[in-house]
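J.: model the structure of this input:
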Amino acid sequence: MGMGDVKLVALMGLVLGWPKIVVALFLAFLTGALIGVILVIMGEKRLNSHIPFGPFLTAATLISLFWGGLIWQWYLEKIMG
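T.: Below is the predicted model of the structure:
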């Protein structure tokens with residue numbers, strides 16, 4: 001993560017609030033890691049290559065903005081039983 005990503009996350013926190021920011025960050029890190037692993041396996045990137053993180057943060061923000069509350073409730077129901 002670069003400083004631009006940190007600034008974007010700060011703005012995300014202001015827009016989304018709690019707990020949607022947690023959902024957005026989890027989704028961004030999860031999708032970024034999955035895409036990164038897929039690109040390494042396919043030979044498109046190497047382990048020391050950089051992948052822009054901003055698009056993952058932006059997509060996760062949009063998903064969390066509309067469905068973050070539902071995702072959070074589903075997660076709590078799974079954890080709490």
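J.: and the longest helix along the chain, what's buried?
T.: Identified as the longest helix of the chain according to DSSP state H is helix 54-80. For helix 54-80, the neighbour count (16 or more other CB atoms under 10 Å) marks Phe56, Leu57, Ala60, Thr61, Ile63, Ser64, Gly68, Ile71, Trp72 as buried. (Glycine included, C-beta is placed from N, CA and C.)
J.: distance to Gly2 and pLDDT added to the residues you listed, as a markdown table?
T.: Shown next, in a markdown table, are the buried residues of helix 54-80 (distance: CB to CB, whole Å; pLDDT from 0 to 100):
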| residue | distance to Gly2 | pLDDT |
| --- | --- | --- |
| Phe56 | 13 | 98 |
| Leu57 | 11 | 98 |
| Ala60 | 17 | 98 |
| Thr61 | 17 | 98 |
| Ile63 | 22 | 98 |
| Ser64 | 21 | 98 |
| Gly68 | 24 | 96 |
| Ile71 | 27 | 96 |
| Trp72 | 28 | 96 |
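J.: nearest to Gly4, of those?
T.: Using CB to CB, Leu57 comes nearest to Gly4 of those, at 9.9 Å.
J.: contacting residues around that closest one?
T.: By CB atoms under 8 Å, 6 or more residues apart in numbering, Leu57 lies in contact with Asp5, Leu8, Val9, Met12, Ala24, Ala28.
J.: tell me the centre residue of this structure?
T.: Ala28 (1.2 Å; CA atoms, centre = their mean).
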